[in-house]
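J.: can you look at this prediction? I've put the sequence above it.
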Amino acid sequence: MARLLAIGWLFHLKNLTNSLFFVLISVLQPVIFATIAFFMFDAGRRSGGLLYAALGAGLMGIWSSTLFGSGGAIQWQRWQGTLEIIVAAPARFLWVMLPLTVSTASIGLYSIVATLFWGRVFFGVPLDFEQPWLFALALPVTVLSLGLLGLVLASTFVLYRQASAFSNLLEYPIWLVTGLLVPLSLLPGWVEPLSWVLAPTWGMEAVRNAALGGEVWPGIGMCVLLGAVYLALGSVLMQNFERLARQRATLSLT
Amino acid sequence: MTAALRVFFVGGGISYRALFNWISPGMYVTTMLGSPLFQILFFTYLGRYAGGQGDDFFIVGNAVQVSAMAGIYGMVMGIANERQFGTLSPLLATPANRLAVFAGRGLPFIVNGLVVSTFGFLSAWALLDFSPDPAVLPTLAFVVTVTVVSCTALGALIGSIGLRARDVFFAANLVYFLLLLFCGVNVDVSDLPGWMEAVGRAIPLTHGIEAARRVVAGETLGDVGGLVATEAIIGALYAVAAYALFRLFEAEGRRRASLETY
């Protein structure tokens, strides 16, 4: 199974890297948002906010690539005519889809690299991480937890014919309620409980604290916990999708 | 003349309806209104955190810019989808007035863009305590209308390029995000580096947004007349360039028998 996951992840990572759309949302869009944030922080005289902005914009890119990639993952296989083959394969459907959703989050790593590089070269963002080893741990844990959240997205969005449009709708709200650039303390109080069940909130906390100073382990712990919940939920939903599609003979129908 | 007007209005309406072959009207409305609403909220809260400008700066900038959802994406689809869906050749085989065919596609998206911007302002009024003096609203509506028309001209230009380019939707997405950066939507253009300010001042939206902000701050149409005129002239130049490219690619496509090839 490890081989299946590793090869599937690598295959989808290469595949997504070849897509101009994913280059846009995982590299260009985060760089544009980071630049806007740099200028806004500069105009507002918010000192020391540049690394904060670079990391936030990078995580925004990870969310976007997960949302668009995982949200349309099953539909995508259906359009390409590979869904029936995947379902008929001896490997469990879940273990075939998991590397795909994790790879959609993984290409978001380009976002972090791009925004940090861009910030360093053009805005002089200091890349002095307070806890570099924990940063190196927090980042992949965050990506994995988002990939597992992607599994839930993939198995629920497939129920909606308009999944791609629905994905457009969810980009800004999650950026906002998970505090990727705007601190949650500025938002209405009812937003905070929503943020607790979303892995990007804890991933951002872990990554930011590792870079800027602060407790990292609670964020990493919550990412692991939420990742396990997402995996369990995604597993049930994937089985449900597969069962219904077989019963109703609707596997290849959009 | 009557035939041209019919092509302008009816053809434009049919082209707009063709959008709904891939997206349901309900989801279209939700996307067109939901996404701009959250964009306005996101940048206004980010602005509060960054400091330096009041809420109105971000609300007006984003409420005007979100009209580009219709102006850019809509116009690109309105023109380039003809090629994607294989209807470009039959369309261009007709003797219909080309200007009417081309311009008619813009009208529904101008209306659409105005609805989106109006919804953005109303949402800001309901959720962010945006409360301009009611006396400025007619002038604001005029400024926003000119800006939306101008922005739609930019969309038409990209759409025309879609008659030749392989992946015009990439360009449309990129331009939409670049407008956020270059047009003074969230950062005053005068705070941008010189070359970015120069680019911003040469594209639609920038002058319109600046005029809209000044109107909300209490200035009259006379005070911002120069900005509005500049916005209108820039829009007209883009519209002319878009139509010229449309005709050029039509002629090239006929000559090389490549209208719908990629």
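T.: Ah, there it is.
J.: so where's the stretch 101-250 of chain A uncertain?
T.: For the stretch 101-250 of chain A, applying pLDDT under 70 flags the ranges A:159-165.
J.: what are the ranges of the helices in it?
T.: For the stretch 101-250 of chain A, the helices defined by DSSP state H, counting those that start in this stretch occupy A:109-123, A:132-157, A:163-177, A:191-196, A:199-212, A:217-248.
J.: I'd like these as CSV, with mean neighbour count and distance to chain B appended.
T.: C-beta: built from backbone N, CA, C; applies to glycine. Output for the helices of the stretch 101-250 of chain A, formatted as CSV (neighbours: other CB atoms under 10 Å in any protein chain shown; distance: least, CB to the nearest CB, whole Å):
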stretch, mean neighbour count, distance to chain B
helix A:109-123, 19, 10
helix A:132-157, 22, 13
helix A:163-177, 20, 3
helix A:191-196, 14, 10
helix A:199-212, 25, 14
helix A:217-248, 17, 20
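J.: please produce CSV containing those helices, extended by distance to B:E219.
T.: CSV is the format used below for the helices of the stretch 101-250 of chain A (distance: least, CB to CB, whole Å):
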stretch, distance to B:E219
helix A:109-123, 34
helix A:132-157, 46
helix A:163-177, 31
helix A:191-196, 36
helix A:199-212, 41
helix A:217-248, 48
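J.: quick one: closest of those helices to A:T101.
T.: A:T101 lies closest, by CB to CB, to one member of the helices of the stretch 101-250 of chain A: helix A:132-157, at 3.4 Å.
J.: distance from the chain centre to that closest one, please.
T.: Its chain's C-alpha centre and that of helix A:132-157 lie 6 Å apart, by CA atoms, centre = their mean, to the nearest Å.
J.: which other helices and strands does it contact?
T.: Secondary-structure packing of helix A:132-157 (3 or more CB pairs under 8 Å, 6 or more residues apart in numbering or on different chains; DSSP states H and E): helix A:50-71, helix A:73-80, helix A:93-106, helix A:109-123, helix A:163-177, helix A:199-212, helix A:217-248.
J.: helix A:199-212 and that one, what's the angle between them?
T.: Relative orientation of helix A:132-157 and helix A:199-212, computed by axes from the mean of the first three to the mean of the last three CA atoms, to 10 degrees: 170 degrees.
J.: coming back round to it: quick one: closest of the helices of the stretch 101-250 of chain A to A:L98.
T.: helix A:132-157 (6.0 Å).
J.: contacts only, for the spatially closest residue to A:W175 that is not a sequence neighbour.
T.: Among residues not flanking A:W175 along the chain, A:M60 sits closest, at 5.2 Å (CB to CB, 6 or more residues apart in numbering or on different chains). Taking CB atoms under 8 Å, 6 or more residues apart in numbering or on different chains, we find A:M60 in contact with A:30, A:33, A:111, A:175, A:180-181.
J.: now do B:L114
T.: Counting by CB under 8 Å, 6+ apart, B:L114 has contacts B:67, B:144-145, B:148.
J.: highest neighbour count among those?
T.: Per-residue neighbour counts (other CB atoms under 10 Å in any protein chain shown) across the contacts of B:L114 peak at B:S67, which has 30 neighbours.
J.: can you put the helices and strands packed on helix A:132-157 in a markdown table and add distance to B:F20?
T.: Output for the helices and strands packed on helix A:132-157, formatted as a markdown table (distance: least, CB to CB, whole Å):
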| stretch | distance to B:F20 |
| --- | --- |
| helix A:50-71 | 21 |
| helix A:73-80 | 19 |
| helix A:93-106 | 28 |
| helix A:109-123 | 33 |
| helix A:163-177 | 12 |
| helix A:199-212 | 33 |
| helix A:217-248 | 26 |
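J.: so which of these comes closest to B:A3?
T.: Nearest to B:A3, of all those, is helix A:163-177, at 35.8 Å by CB to CB.
J.: between that closest one and helix A:199-212, how big is the angle?
T.: 50 degrees.
J.: helices or strands up against helix A:163-177?
T.: Secondary-structure packing of helix A:163-177 (3+ CB pairs under 8 Å, 6+ apart): helix A:50-71, helix A:132-157, helix A:191-196, helix B:25-50.
J.: dead centre of chain B: give me the residue that sits there.
T.: Closest residue to the average C-alpha location of chain B: B:G71 at 2.7 Å, with CA atoms, centre = their mean.
J.: that one and B:V111 touch, don't they?
T.: No: counting by CB atoms under 8 Å, B:G71 does not reach B:V111; the two are 10.9 Å apart.
J.: return the closest of the contacts of B:L114 with respect to chain A.
T.: B:S67 (16.2 Å; CB to the nearest CB).
J.: how close does the nearest residue to that closest one once chain neighbours are set aside get to chain A?
T.: Closest residue in space to B:S67, ignoring its immediate chain neighbours: B:G113 at 3.5 Å, by CB to CB, 6+ apart. Using CB to the nearest CB, to the nearest Å, B:G113 is found at 17 Å from chain A.
J.: thinking again about what came up before, looking at the helices of the stretch 101-250 of chain A, which is closest to B:V101?
T.: For B:V101, the closest of these is helix A:163-177, at 27.4 Å, according to CB to CB.
J.: neighbouring contacts of that closest one?
T.: With contact meaning CB under 8 Å, 6+ apart, helix A:163-177 is reached by A:60, A:63-64, A:67-68, A:71-72, A:75, A:157, A:160, A:181-182, A:184, A:187, A:191, A:194-195, A:198, A:200-201, B:23, B:27-28, B:30-31, B:34-35, B:38-39, B:41-42, B:45.
J.: are any of the residues you listed buried, and which?
T.: A:60, A:63-64, A:67-68, A:71-72, A:75, A:157, A:181-182, A:184, A:187, A:195, A:198, A:200-201, B:23, B:27-28, B:30-31, B:34-35, B:38-39, B:41-42, B:45 (16 or more other CB atoms under 10 Å in any protein chain shown).
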